[in-house]
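Asks: the sequence and its predicted three-dimensional model are supplied below.
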Amino acid sequence: MAHVNVLLRRFQITHNLSLDGVLDILNSKNMTDAGPLDLIDDDNNDVEEGVDKQTRGKLGLDLPGSMPNCGRPIIQTKSLRIAPTGRSFVAATTEGVLVYSVDESFIFDPTDLDINVTPEAVEEALRENQTSKALILSLLLNEDSFIKNCIFSVSPADIPAVATSIPYKYIQRLVEALADLLENCPHLEFILRWCQELCKAHGNSIQQNSRNLLPSLKSLQKAITRIHQDLADTCSSNEYMLRYLCSSGAKK
């Protein structure tokens, strides 16, 4: 029984027009029933030797003194691997290693990630009271539990200095962690202080790249709005209760 393969989606792996196979719209005058005219093998040699024997060497560069044209490099995908979670995959291409993920918080940093970036290194930095280093290492690891633990390890007085030391490329992940903490932890003033100092330290960068940070900023705004509404309802109910108690006590 023959297997039928169905193309569900295509991913463009490069925009480099100097490579072959990148253009979506080809020149129709060079198209024939047998395919692109430039790729038809009209060599008299019976031995097939690939693209080097095709007519690319005749594309106007066979004039006296011109360099022979052996064709443009071809973009290819050599290997593809899917993560066990099913939410990301990596492709090894002739343009390099490309990582695709459906998670907005996904961070892959092959430049800074090395054998020294480990959970043990985070714990050692915390023991030495190097909170800024520990937080950056946890952001490199992209482990939620380590990031939140490092956030709480910073004293309120040191929040401005630590917030300034965080590289901009990790701001989105840090904002997402703060938004989640606002939803699930009771340390309201501490987390709001973090949000305030982070905006002070990176306000210009956040404003210039607001489109990229929009999902995480919306999550943070939603959490702050919900807490504000809860506090407003609590304060209003307490105010009316105090008024009732004062009025009832005055009548007696």
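Replies: In hand now; what should we look at? Numbers count the residues shown, from 1 in each chain.
Asks: helix or strand with the lowest mean pLDDT in the protein?
Replies: strand 35-36 (a mean of 62; mean pLDDT, DSSP states H and E).
Asks: and the next element down the chain from it?
Replies: Scanning forward in sequence from strand 35-36 by DSSP states H and E, the next helix or strand is strand 77-82.
Asks: which secondary structure elements does that next one contact?
Replies: Applying 3 or more CB pairs under 8 Å, 6 or more residues apart in numbering; DSSP states H and E, one finds that strand 77-82 contacts strand 88-93. Every C-beta, even on glycine, is put in place using the N, C-alpha and C of the backbone.
Asks: so what are the sheet partners of whichever helix or strand comes after the strand it packs on and their directions?
Replies: Sequence order places strand 96-101 as the next helix or strand after strand 88-93, per DSSP H and E. Strand pairing for strand 96-101, determined by DSSP bridges: strand 88-93 (antiparallel).
Asks: show me where the stretch 151-252 of the chain has its helices.
Replies: Assigned by DSSP state H, counting those that start in this stretch, the helices in the stretch 151-252 of the chain fall at 159-165, 171-184, 188-208, 210-251.
Asks: I'd say Pro156 and Leu192 touch.
Replies: No: Pro156 is beyond contact range of Leu192, at 11.0 Å (criterion: CB atoms under 8 Å).
Asks: of the two, who's got more company?
Replies: Leu192 (14 against 11; other CB atoms under 10 Å).
Asks: about what we covered before: mean pLDDT for the helices of the stretch 151-252 of the chain: which is lowest?
Replies: When the helices of the stretch 151-252 of the chain are ranked by mean pLDDT, helix 210-251 comes last with a mean of 81.
Asks: got the angle between that one and helix 171-184?
Replies: Angle of helix 210-251 versus helix 171-184, following axes from the mean of the first three to the mean of the last three CA atoms, to 10 degrees, is 20 degrees.
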